[in-house]
Structure formats: C-alpha cells, structure tokens
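*Asks:* Give me a model of this one.
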Amino acid sequence: MSIDRAVLALAGTVILLSLGLSLIHSSNWLWLTVFVGANMLQSAFTGFCPVVMILKALGMRPGPAFS
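*Replies:* Predicted coordinates:
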C-alpha cells in the first residue's frame, strides 16, 4: 500500500468513526470530521500533510501524490 492510499484510508476511517460516534455519543464528535476535512483541503493546496510525514518515517513507499 502506498502513502496515498493509506492517507485516504485513514481519513475515510476517521470520518466514518466520528460520524458514528456523533450518532451514538455526542454531536461534538463532528468537530473531528471538520478537522479532517480542513486538513485534507489545506493539504490539497499546500502539499503538506502531517500523516504523510509519519508514514514516510515508518518506511512506507510514496505514491504519485505525496512523493
């Protein structure tokens, strides 16, 4: 799995998890969804994503988007 796919999988998982928690526990969990969405948006414009730095340090191979 490349870094690109791992970032997308992680973002999707966190979004679905926070939506589920907002239904079960508290609507304040939607702020996590807002944070992930805002981070994805700024990453699209700047090319900087903190998760990518962590995954590179763990030795994952970069894909075309985060090379």
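
*Asks:* got a list of contacts for stretch 33-51?
*Replies:* 6-7, 10-11, 14-15, 18-19, 22, 66 (CB atoms under 8 Å, 6 or more residues apart in numbering). For every residue, glycine as well, the C-beta is placed using N, CA and C.

*Asks:* quick one: the helices in the protein?
*Replies:* For the chain, the helices defined by DSSP state H cover 3-24, 30-46, 50-57.

*Asks:* Need the nearest residue in space to the residue nearest in space to the middle of the chain, chain neighbours excluded.
*Replies:* Geometric centre of the chain, nearest residue: residue 11, 3.1 Å, by CA atoms, centre = their mean. The shortest distance from residue 11 to any non-neighbouring residue, by CB to CB, 6 or more residues apart in numbering, is to residue 36 (5.5 Å).

*Asks:* now do residue 7
*Replies:* Per CB to CB, 6+ apart, closest to residue 7 is residue 51, 5.5 Å.

*Asks:* neighbours around residue 49, how many?
*Replies:* Neighbour count for residue 49, taken as other CB atoms under 10 Å: 19.

*Asks:* ok, now residue 47?
*Replies:* So residue 47, with other CB under 10 Å, has 10 neighbours.

*Asks:* Would you mind measuring from residue 15 to residue 61?
*Replies:* Residue 15 sits 25 Å away from residue 61, going by CB to CB, to the nearest Å.

*Asks:* more crowded one of these two?
*Replies:* Using other CB under 10 Å as the criterion, residue 15 and residue 61 rank with residue 15 on top: 15 against 11.

*Asks:* Please report the distance of the more buried one from residue 56.
*Replies:* With CB to CB as the criterion, residue 15 and residue 56 are 23 Å apart.

*Asks:* just residue 34 next, same as before
*Replies:* Distance from residue 34 to residue 56, by CB to CB: 26 Å.

*Asks:* Likewise for residue 16?
*Replies:* Using CB to CB, we find residue 16 at a distance of 25 Å from residue 56.

*Asks:* ok, now residue 3?
*Replies:* 7 Å.
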